[in-house]
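Asker: Structural data only, the sequence is not supplied:
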């Protein structure tokens with residue numbers, strides 16, 4: 001095994017790699033490794049490539065890859081996790097990249113297999129817990145209690161640089177309750193307070209719990225819904241999930257895990273790598289950019305703490321993992337290093353080098369003749385064709401088109417994707433609605449049955465969308481912008497409010513935004529920053545909801 005040597009943006013030498021850029025099956029063109037077109041009789045490469053990557057990782061050897069992008073990168077990761085049968089930690093350079101990767105992974109897997117490990121707030125002594133903290137705890141719980149379940153943990157420099165509670169402490173502080181288990185109600189209440197939960201009249205957000213006679217409601221950090229425990233004496237008779245809006249049951253459960261709400265209550269001496277199972281895959285995307293972003297985040301954090309202390313703000317500086325310590329940890333664990341450009345990876349010892357010849361899908365703009373011609377070509381070459389099409393009518397239209405042209409029945413993917421790809425390495429084609437028919441407009445009517453408190457997903461936002469900020473009210477999304485402060489460039493969501501008011505919201509604070517649901521033909525009145533109208537509106541709504549919830553809860557308790 002020898003180290004890769006780089007000059008500029010091209011790899012000059014990788015003498016012990018099976019997939020060498022000097023191999024006779026490919027040529028270098030414009031800085032990319034191009035493979036010859038695969039004919040129909042050629043053996044499929046997907047399983048061989050994926051198996052080769054996994055074998056090197058099992059023998060604690062690094063793998064260097066390049067050329068993957070968008071849903072093609074997500075397809076590779078999903079195939080690798082299938083072979084590895086476990087977790088994959090994806091280190092990405094920034095929050096926007098994290099949300100983008102999650103959106104692409106959703107094409108091939110479900111949300112319960114994807115966990116964002118978001119950056120932690122450093123202003124403490126606060127009453128409310130953010131979605132970022134909930135997502136962190138959810139990711140840690142996934143690593144601890146579902147070690148063999150396929151899944152992805154997506155992490156950024158801002159979220160990796162802080163030390164955290166060791167895994168054993170997290171497990172010791174996690175309350176585990178089973179249905180029909182004897183678990184004293186009073187003991188449970190004491191333990192909930194001990195791990196940082198708040199007692200409230202009505203459970204409304206993660207970190208809350210409430211008591212009404214023999215009913216204990218708990219909203220665990222990282223959970224999508226709260227849980228209702230019904231007691232018969234000291235026995236937990238039933239465990240149910242329920243809606244905070246209607247207080248109605250959302251399904252029975254046999255067990256509930258309640259992680260500590262205060263992630264900082266233990267000794268801070270572990271990293272996310274300590275939570276990963278030994279067989280987990282480590283995927284480092286754009287490693288040069290990741291290290292640069294890591295250094296900037298460290299500087300930015302230290303500057304912010306320094307400024308806060310000058311202003312006598314109550315902040316607690318958390319212990320940080322330095323760059324040298326980070327690189328030492330990464331070198332000690334085998335990893336897949338990936339960069340879109342072949343030469344944009346720091347010097348690393350590797351046993352395998354491969355560049356993927358991936359192409360973006362060409363747009364067809366409803367040109368059915370052109371589409372059919374390309375489909376027949378791909379089919380003749382033995383490509384597997386997948387269609388990311390969700391709507392029933394659209395699927396029926398596509399099925400009829402393929403049937404009329406004697407093409408195989410389509411394989412549909414339920415989850416949407418913005419843009420498809422063509423991979424000669426995997427012999428896979430992914431086509432999306434946008435590729436085939438152009439821009440697909442999402443109808444607002446399809447969202448009417450969803451909660452008004454539905455959270456925003458960054459990849460779903462388009463410029464001009466109306467959104468609701470938890471504290472500032474209704475505004476308009478104007479895109480993602482970068483702002484430099486103290487030598488650190490951060491990504492911000494730009495929101496427009498009434499008049500000339502603008503708000504720059506850090507991308508990692510996405511959890512305070514909600515989707516605005518209303519009829520398409522009615523534009524809402526924008527809120528004014530600094531005004532009190534939005535707070536008055538919230539207060540009225542909160543009072544009405546609490547009064548209704550208390551009446552429902554009393555009625556429910558009287559029926560038991």
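Answerer: Looks like it arrived, so ask away. None of these values were measured; they are calculated from a predicted model.
Asker: drop to CA atoms for contacts and neighbour counts, all remaining ones
Answerer: Will do.
Asker: where do the helices sit along the protein?
Answerer: 46-58, 70-84, 95-105, 131-145, 157-160, 167-173, 185-194, 272-275, 287-310, 323-331, 368-380, 392-404, 433-437, 533-558 (DSSP state H).
Asker: So what touches the fifth one?
Answerer: Applying C-alpha atoms under 8 Å, 6 or more residues apart in numbering, the external contacts of helix 157-160 come out as 91-94, 117-120, 271-272, 290-291, 293-294, 297-298.
Asker: and with 7 Å instead?
Answerer: 93-94, 117-120, 272, 290, 293-294, 297 (C-alpha atoms under 7 Å, 6 or more residues apart in numbering).
Asker: Without its sequence neighbours, what residue ends up closest to residue 254?
Answerer: Using C-alpha to C-alpha, 6 or more residues apart in numbering and skipping residues adjacent in sequence, the residue nearest residue 254 is residue 179, 5.2 Å away.
Asker: Just to check, that neighbour is in contact with residue 237?
Answerer: Yes - with contact defined as C-alpha atoms under 7 Å, residue 179 counts as touching residue 237 (6.1 Å).
Asker: any weak-confidence spans in the stretch 451-560 of the chain?
Answerer: For the stretch 451-560 of the chain, residues meeting the criterion pLDDT under 70 lie at 451-459, 484-489, 508, 518-522, 530-560.
Asker: switch to 80 and redo it
Answerer: 451-461, 470-471, 482-491, 499-501, 507-512, 515, 517-523, 528-560 (pLDDT under 80).
Asker: Okay, strands next: where are they in it?
Answerer: Using DSSP state E, counting those that start in this stretch, the strands of the stretch 451-560 of the chain run over 466-469, 473-485, 488-496, 502-506, 513-515.
Asker: Of all the ones you listed, which one is nearest residue 162?
Answerer: Nearest of the strands of the stretch 451-560 of the chain to residue 162, taken as C-alpha to C-alpha: strand 488-496 at 17.5 Å.
Asker: Buried residues of that closest one, list them for me.
Answerer: For strand 488-496, burial by neighbour count (16 or more other C-alpha atoms under 10 Å) applies to 488, 490-496.
Asker: for those residues, which one is nearest residue 387?
Answerer: Using C-alpha to C-alpha, the buried residues of strand 488-496 come closest to residue 387 at residue 493, 31.5 Å.
Asker: From residue 73, how far out is that closest one?
Answerer: Residue 493 is 25 Å from residue 73, where distance means C-alpha to C-alpha, to the nearest Å.
Asker: Let me see the domain layout of the chain.
Answerer: Domain segmentation of the chain under automatic domain parsing yields 2-168+265-358, 175-258+544-558, 361-437, 456-529.
Asker: chain center to the third one: distance?
Answerer: Read it as domain 361-437. Computed by C-alpha atoms, centre = their mean, to the nearest Å, the chain-centroid distance of domain 361-437 equals 27 Å.
Asker: what is the rounded mean pLDDT of that domain?
Answerer: What domain 361-437 shows for mean pLDDT is 90.
Asker: what's the answer for stretch 140-155, then?
Answerer: On average, stretch 140-155 scores 92.
Asker: buried sites along that stretch?
Answerer: 140-144, 147-148, 150-155.
Asker: how long is that stretch end to end?
Answerer: Start-to-end, stretch 140-155 (C-alpha to C-alpha) is 12 Å.
Asker: List of residues touching that stretch?
Answerer: 81-82, 85-92, 98, 113-118, 139, 275-277.
Asker: From these, list the buried ones, please.
Answerer: Going by neighbour count (16+ other C-alpha under 10 Å), the contacts of stretch 140-155 have 81, 85-92, 98, 113-118, 139, 275-277 buried.
Asker: The nearest residue to residue 463 once chain neighbours are set aside: neighbour count?
Answerer: Nearest non-adjacent residue to residue 463, counting by C-alpha to C-alpha, 6+ apart: residue 478, 5.0 Å away. As a burial measure, residue 478 scores 17 neighbours (other C-alpha atoms under 10 Å).
Asker: give the contact list for residue 478.
Answerer: By C-alpha under 7 Å, 6+ apart, the residues touching residue 478 are 463-464, 494-496.
Asker: repeat that for 8 Å
Answerer: Residue 478 touches 463-464, 493-496, counting by C-alpha under 8 Å, 6+ apart.
Asker: Counting neighbours, what do you get for residue 507?
Answerer: Neighbour number of residue 507 under other C-alpha under 10 Å is 19.
Asker: my guess is it meets residue 494, correct?
Answerer: No - in this structure, residue 507 is not within contact of residue 494 by C-alpha atoms under 8 Å, at 9.5 Å.
Asker: For the residue lying closest to residue 271 once chain neighbours are set aside, what are phi and psi?
Answerer: Counting by C-alpha to C-alpha, 6+ apart, residue 271 lies nearest to residue 163, which is 5.3 Å off, once chain neighbours are set aside. Recorded main-chain torsions at residue 163 are phi -70, psi 160, according to degrees, to the nearest 10.
Asker: Quick check: residue 163 touching residue 322?
Answerer: No - contact between residue 163 and residue 322 fails when scored by C-alpha under 8 Å: they sit 10.3 Å apart.
Asker: In terms of neighbours, single out the busier of those two.
Answerer: With neighbours defined as other C-alpha under 10 Å, residue 163 and residue 322 compare such that residue 163 has more, 18 against 14.
Asker: OK, contacts around the more buried one?
Answerer: So residue 163 contacts 268-271, 318-321 (C-alpha under 8 Å, 6+ apart).
Asker: ok, 10 Å please
Answerer: Neighbour list for residue 163: 264, 267-272, 318-321 [criterion: C-alpha atoms under 10 Å, 6 or more residues apart in numbering].
Asker: Which of these are buried? Put it as a ChimeraX command.
Answerer: In ChimeraX, this line selects whichever of the contacts of residue 163 come out buried by 16+ other C-alpha under 10 Å:
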select :268,271,272,318,320,321
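Asker: Columns pLDDT and distance to residue 526 on top of the contacts of residue 163, output as JSON lines?
Answerer: Shown next, in JSON lines, are the contacts of residue 163 (pLDDT from 0 to 100; distance: C-alpha to C-alpha, whole Å):
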{"residue": "264", "pLDDT": "68", "distance to residue 526": "38"}
{"residue": "267", "pLDDT": "85", "distance to residue 526": "45"}
{"residue": "268", "pLDDT": "89", "distance to residue 526": "43"}
{"residue": "269", "pLDDT": "92", "distance to residue 526": "46"}
{"residue": "270", "pLDDT": "94", "distance to residue 526": "45"}
{"residue": "271", "pLDDT": "95", "distance to residue 526": "43"}
{"residue": "272", "pLDDT": "95", "distance to residue 526": "41"}
{"residue": "318", "pLDDT": "82", "distance to residue 526": "38"}
{"residue": "319", "pLDDT": "89", "distance to residue 526": "41"}
{"residue": "320", "pLDDT": "93", "distance to residue 526": "41"}
{"residue": "321", "pLDDT": "96", "distance to residue 526": "42"}
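Asker: a markdown table for the contacts of residue 163, including distance to residue 226?
Answerer: Converted to a markdown table, the contacts of residue 163 look like this (distance: C-alpha to C-alpha, whole Å):
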| residue | distance to residue 226 |
| --- | --- |
| 264 | 22 |
| 267 | 28 |
| 268 | 28 |
| 269 | 30 |
| 270 | 29 |
| 271 | 28 |
| 272 | 26 |
| 318 | 30 |
| 319 | 32 |
| 320 | 33 |
| 321 | 34 |
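Asker: and which of the contacts of residue 163 is nearest residue 412?
Answerer: Proximity of these to residue 412 was ranked by C-alpha to C-alpha; the top entry is residue 272 with 35.6 Å.
Asker: Pretty sure the closest one sits against residue 118.
Answerer: No - Residue 272 is beyond contact range of residue 118, at 11.7 Å (criterion: C-alpha atoms under 10 Å).
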